[in-house]
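S.K.: Take a look and give me a structure for this.
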Amino acid sequence: MNPRTVFAMSAAVLGLGVLAGCSSSESADPVSTSSSQAGVSATDVAFAQSMIPHHQQAVEMADLALSADSGASEQVQQLAQQIKAAQDPEIEQMTGWLQSWNAPTAMPGASQGTDMQGMDHSGHDMGGITMAGMMTAEQMDELQQASGEQFDEMWLTMMIAHHEGAVAMAEQVRSSSDPNVSALADNIISSQQAEIQQMKAMLSS
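M.R.: Numbers count the residues shown, from 1 in each chain. Okay, the predicted model is just below:
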């Protein structure tokens, strides 16, 4: 065989090998297996999946305070409206993230139709995010049966614990590489810490 022909064939084979190597390295994106958005981490996904039911329970508690049966004070009702107005849009925001990431909106292990709000997930590790501050079904029942000053005290005490859990969860993604996730985490931390101080003052007054 002509030496020039051999050289040309060898170069072609080598070129194909380099192309194949580039193709395999570029396609090996560990994030893309669980998300369509490059750069999103499993922790970001777990944060959204766990914070949604966490927020949903806070909204449920706010709705209880706003119901006529609670006999809640005007101060508690105003705070409940504030919490509901802040957290409803955040639930929609995180749901939108999960949909854009092609990730399930429910937490792993949660069957469709399961009521996550009344379940105690405190201390559970949800894909790298430790859920904290969730009320049990029994606590929610006790709150629903309370009224007047008893309701106010129970609601404030429970919401403080709930907010403290949300702050702890947000701290876990504050340094996320996704600017939207880190921005929401910062907002949750600052707004809910302020509300915690407000509620503590209400309890002591």
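S.K.: rest of the way, CA atoms for contacts and neighbours
M.R.: OK.
S.K.: which stretches of this structure form strands?
M.R.: 125-126, 129-130 (DSSP state E).
S.K.: per-stretch mean pLDDT over these, give me the minimum one.
M.R.: For these, the bottom mean pLDDT is recorded on strand 125-126, which sits at a mean of 52.
S.K.: Just list whatever residues bridge to I129.
M.R.: Taking DSSP bridges as the rule, I129 bridges to M126.
S.K.: Next, the contact list for it, please.
M.R.: By Cα atoms under 8 Å, 6 or more residues apart in numbering, the contact set of I129 is T43, A46, F47, S50, M169, Q172.
S.K.: which of those residues count as buried?
M.R.: By neighbour count, with 16 or more other Cα atoms under 10 Å, these hold T43, A46, F47, S50, M169, Q172 as buried.
S.K.: These in helices, which ones?
M.R.: Cross-referencing the buried ones among the contacts of I129 against helices under DSSP state H gives T43, A46, F47, S50, M169.
S.K.: Excluding chain neighbours, what is closest to the fourth one?
M.R.: In other words, S50. In space, S50 comes closest to M107 once its chain neighbours are excluded; the distance is 6.2 Å by Cα to Cα, 6 or more residues apart in numbering.
S.K.: is it true that that neighbour touches Q49?
M.R.: Yes: using Cα atoms under 8 Å, M107 makes contact with Q49 at a distance of 5.1 Å.
S.K.: neighbour-wise, which of the two wins?
M.R.: Neighbour count, other Cα atoms under 10 Å: between M107 and Q49, Q49 has more, with 25 against 20.
S.K.: Can you verify my assumption that V59 contacts K84?
M.R.: Yes: the pair V59 and K84 qualifies as a contact (Cα under 8 Å) at a distance of 5.3 Å.
S.K.: my guess is H55 contacts I91, does it?
M.R.: Yes: at 6.8 Å, H55 and I91 qualify as touching, with contact defined as Cα under 8 Å.
S.K.: The two: who's more crowded?
M.R.: H55 (23 against 20).
S.K.: residue contacts, that one?
M.R.: Counting by Cα under 8 Å, 6+ apart, H55 makes contact with Q87, D88, I91.
S.K.: Ok, P179 next?
M.R.: By Cα under 8 Å, 6+ apart, the contact list for P179 is empty.
S.K.: pLDDT score assigned to it?
M.R.: pLDDT, P179: 95.
S.K.: Distance check, it against Q99.
M.R.: Applying Cα to Cα, to the nearest Å, the value for P179 to Q99 is 17 Å.
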